[in-house]
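Participant: Task: produce atomic coordinates for the following.
(one chain, ligands or ions: 2)
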Amino acid sequence: MQKVEHIGIAVYTLEKAIPLYERLLNTPCYKKELVESEQVLTAFFQQGHTKIELLEATGENSAIKRFLDKKGEGLHHIAFEVEDIHAEMARLRREGFTLLNETPKQGADHKLICFVHPKDTHGVLIELCQEIR
Ligand SMILES: CC[C@H](C(=O)O)C(=O)SCCNC(=O)CCNC(=O)[C@H](O)C(C)(C)COP(=O)(O)OP(=O)(O)OC[C@H]1O[C@@H](n2cnc3c(N)ncnc32)[C@H](O)[C@@H]1OP(=O)(O)O
Ligand SMILES: [Co+2]
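Facilitator: Ligands and ions are numbered 1, 2, ... in the order given. This next block holds a predicted model:
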């Protein structure tokens, strides 16, 4: 795995969280993107070589909705950039990690993504991201 590609933060509304994070980071949100398959609306802030990804649930069957209902707002996941997501998924399976999707799926910001179950990572949801070439 290479760098931390982004840190995902679950928020109730982007309407409130974007201006707060723009003040906090002194950086404008550079894009908002709806990812219907995940029922989330995302907002991105570049921070050096990594990003902050704010996530708002857009439907009842959203992992973000369940997270917010259970835990409230806060840190949701850490995403790592990988060169070859298929190879990395195969390596993680060999290492005994539980992957949350059989094959990579389309994420935000032009990426292929997959997730590792937090039960196998001492409680941290890990996302792998590969740039769609
Ligand atoms: C738009 C794409 C974008 C991108 O970067 O491109 C994204 O990042 S999308 C982000 C949102 N999508 C996902 O998170 C998909 C992967 N997540 C899942 O499949 C589930 O959320 C899962 C399996 C992690 C949790 O299952 P569920 O949502 O059904 O909730 P449960 O209450 O059943 O959780 C089971 C268990 O896991 C703990 N949990 C849940 N979420 C997290 C988390 N973010 N970090 C750490 N732990 C988490 C939860 O507390 C339960 O633990 P337990 O000890 O049993 O209470
Ligand atoms: Co993410």
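Participant: In which helix or strand does the residue in the chain that ligand 2 sits nearest to reside?
Facilitator: Residue nearest to ligand 2 within the chain: residue 8 (4.1 Å; Cβ to the ion). Every residue, glycine included, has its C-beta placed from N, CA and C. Using DSSP states H and E, residue 8 maps to strand 4-10.
Participant: Tell me which residues of the next helix or strand after that strand come out buried.
Facilitator: Heading C-terminal from strand 4-10, the first helix or strand you meet, by DSSP H and E, is helix 14-25. Neighbour-count burial for helix 14-25 flags 14, 17, 18, 21 (criterion: 16 or more other Cβ atoms under 10 Å).
Participant: In JSON lines, list those residues along with pLDDT and distance to residue 39.
Facilitator: Shown next, in JSON lines, are the buried residues of helix 14-25 (pLDDT from 0 to 100; distance: Cβ to Cβ, whole Å):
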{"residue": "14", "pLDDT": "98", "distance to residue 39": "14"}
{"residue": "17", "pLDDT": "98", "distance to residue 39": "17"}
{"residue": "18", "pLDDT": "98", "distance to residue 39": "19"}
{"residue": "21", "pLDDT": "98", "distance to residue 39": "21"}
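Participant: Can you tell me which of these lies closest to ligand 1?
Facilitator: Within the buried residues of helix 14-25, the smallest distance to ligand 1 is 12.9 Å, found for residue 14 (Cβ to the nearest ligand atom).
Participant: circling back to that earlier point, can you list the strands that the strand holding residue 8 pairs with?
Facilitator: In the sheet, strand 4-10 lines up against strand 50-57 (parallel), strand 74-81 (antiparallel) (DSSP bridges).
Participant: which of those sits most buried?
Facilitator: strand 50-57 (a mean of 22; mean count of other Cβ atoms under 10 Å).
Participant: and after that one, which helix or strand comes next?
Facilitator: Next element after strand 50-57 (DSSP H and E): helix 63-71.
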